[in-house]
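Undergrad: 3D model of this:
(one chain, ligands or ions: 2)
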Amino acid sequence: MGERVGPYEVTELLAAGGMAEIFLGHKDGPGGFEKQLVIKRIAKKLLGDREIEHMFVDEARVQALLDHPNIVQIYDFGEDRGSYFMAMELVRGCTLRWTIDNANAVRRPIPMQHALRIAADVLCGLHYAHERADDDGKALKLIHRDISPVNVLISRAGIAKLCDFGVAKSEIQRVMTRAGIVKGKFRYMSPEQLNAGELDRRADLFAVGTVLWEMLTGRRLFDQQDEDDVVAAIRSGDYPAPSELRPGVPRPIDRILRKALHSNRDRRFRSAREFQLACEEILRMLPSASNSVLVGEYVSAELDGTAGLGVPTRRRQYTPENDSLLASGFEVLDPPVPSSPTTISNPPSADYADEGSDRVAPPPGLTGRVAGAMLMAPAVVFGGLGKAIEGIGSLFSPKRRDPEVRVTRTRMRD
Ligand SMILES: Nc1ncnc2c1ncn2[C@@H]1O[C@H](COP(=O)(O)OP(=O)(O)O)[C@@H](O)[C@H]1O
Ligand SMILES: [Mg+2]
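TA: Ligands and ions are numbered 1, 2, ... in the order given. Just a heads-up that it's a prediction; the model follows:
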């Protein structure tokens, strides 16, 4: 038996950040009914902090207004023993953070078409949130302010969902950010957000740009050690194009990122919808398709390790006594990023040894041949070896020219 929170029973701690604890929970009903869901509540150490409580209520009130497939759905909000909790849709899958880290660890970049599909999903949910008005038609002027790979969940069904409206700003919130206070994650912030200036939706578009850039290159756009250097880099507005780091990225992708990441927000996309449609247009030009089925197959294969990696084991029971699990920053939703290949058979020869990220060291003993095998392995997933080579191998091989680029250029008049 786990702990009860309102009408729910919580069984497993999924994540514990600075402010909140996230649990796997369920509600049972007659006749064997059982619904699994996620319970989020204020971290114990912050109980009684009025400002945090108000922020948490604001978060729930904002999320309750959002009913969209690309936004995590809230089901319920309540109070239990002096603390608030939310019940939310359980997204079975992984965070985008895990997806990127895993892609780096196994040296198999996220297929470009899936990166664009995930970004387009996030932008679709974001546009809906940006446009949301109250019942009287008054715009809520919602800004998420904290878009980053940990706040994007990808379900095994292949849908990307935005979560964590914890620092969102809107017309309905009660806790107003004091002037000069910056909220959100530093490395994904727009220049105007860093300046603690007046924000609008275009700050979120910049953040989606940094996330898409990271999905494509496997590197954080603002990866400097020193915070001052991060600030200087963000303000410089001078970022490498993804194609400089990942050969085969077509020019139109560079172009949309240049636009999304423009330091002058007047030069960015005007809305998430405009940015989304630009991603969708490029998607139609790529030789390999992406849709929810294919993204679902991709993340499931990565999570299950069917691409040559062992399945990480991860199950921990949560009980109130077992409080040591609540160490801050502890995340158990995502399996550990694999560190070494376990089952690889019949590796075809290919040389990808110089491909990949500078952040994660290659797994021990990962030779060019083995890395090649890992690149090819998703053939099954993507519906045929030929397609996998075209859709994955050729896109990431620095030594091969990519026919896709030519097709794309011609058709898009680049
Ligand atoms: N609905 C959900 N389904 C599955 N996992 C979730 C869900 N909501 C949150 N998580 C997991 O919990 C983590 C933290 O949740 P989040 O709402 O972002 O809390 P915080 O405000 O502490 O950042 C997420 O990065 C994700 O790993
Ligand atoms: Mg979060």
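Undergrad: C-alpha only now, for contacts and for neighbours.
TA: Fine.
Undergrad: the closest residue to ligand 1 within the stretch 101-250 of the chain sits in which helix or strand?
TA: Per CA to the nearest ligand atom, residue 164 is where the stretch 101-250 of the chain lies closest to ligand 1, at 3.9 Å. Counting by DSSP states H and E, there is no helix or strand that carries residue 164.
Undergrad: quick one: contacts for the nearest residue to it once chain neighbours are set aside?
TA: Distances taken as CA to CA, 6 or more residues apart in numbering place residue 151 nearest to residue 164, at 6.0 Å, with adjacent residues excluded. Going by CA atoms under 8 Å, 6 or more residues apart in numbering, residue 151 touches 95-96, 162-164.
Undergrad: go with 10 Å
TA: Going by CA atoms under 10 Å, 6 or more residues apart in numbering, residue 151 touches 95-97, 161-165.
Undergrad: farthest pair in these?
TA: Maximum pairwise distance in the contacts of residue 151, criterion CA to CA, is 17.2 Å, between 97 and 165.
Undergrad: who's more crowded, these two?
TA: residue 165 (24 against 20; other CA atoms under 10 Å).
Undergrad: gap between that one and residue 62?
TA: Plainly put, residue 165 is 7 Å away from residue 62 if you go by CA to CA, to the nearest Å.
Undergrad: one more: residue 262?
TA: Distance from residue 262 to residue 62, by CA to CA: 28 Å.
Undergrad: just residue 219 next, same as before
TA: Per CA to CA, residue 219 is found 32 Å from residue 62.
Undergrad: mind listing the helices for the stretch 101-250 of the chain?
TA: Assigned by DSSP state H, counting those that start in this stretch, the stretch 101-250 of the chain shows helices spanning 112-131, 191-194, 202-217, 227-236, 242-245.
Undergrad: so for the residue nearest to residue 164, what's the pLDDT?
TA: Residue 151 carries a pLDDT value of 95.
Undergrad: and what of residue 105?
TA: 91.
Undergrad: can you report how many residues neighbour it?
TA: Per other CA under 10 Å, the neighbour tally for residue 105 reads 23.
Undergrad: so it makes contact with residue 219?
TA: No. Shown here, residue 105 and residue 219 do not form a contact pair, counting by CA atoms under 10 Å, at 11.9 Å.
Undergrad: for residue 196, report the pLDDT, please.
TA: Per-residue confidence (pLDDT) for residue 196: 78.
Undergrad: quick one, phi psi at it?
TA: phi 50, psi 30 (degrees, to the nearest 10).
Undergrad: from residue 184, how far out is it?
TA: 11 Å.
Undergrad: equivalent analysis for residue 47, please.
TA: For residue 47, the distance to residue 184 (CA to CA) stands at 22 Å.
Undergrad: where does residue 308 land on pLDDT?
TA: We have a pLDDT of 46 for residue 308.
Undergrad: ok, the one 4 residues further on next?
TA: Residue-level confidence at residue 312 comes out at 45, pLDDT.
Undergrad: same question for the one 4 residues further on.
TA: According to the per-residue confidence, residue 316 scores 44 in pLDDT.
Undergrad: which SS class is the residue lying closest to residue 37 once chain neighbours are set aside?
TA: Leaving out its chain neighbours, the residue that sits closest to residue 37 by CA to CA, 6+ apart is residue 90, at 4.6 Å. Following DSSP: H, G, I helix; E, B strand; the rest coil, we place residue 90 in the coil state.
Undergrad: brilliant, that's me finished.
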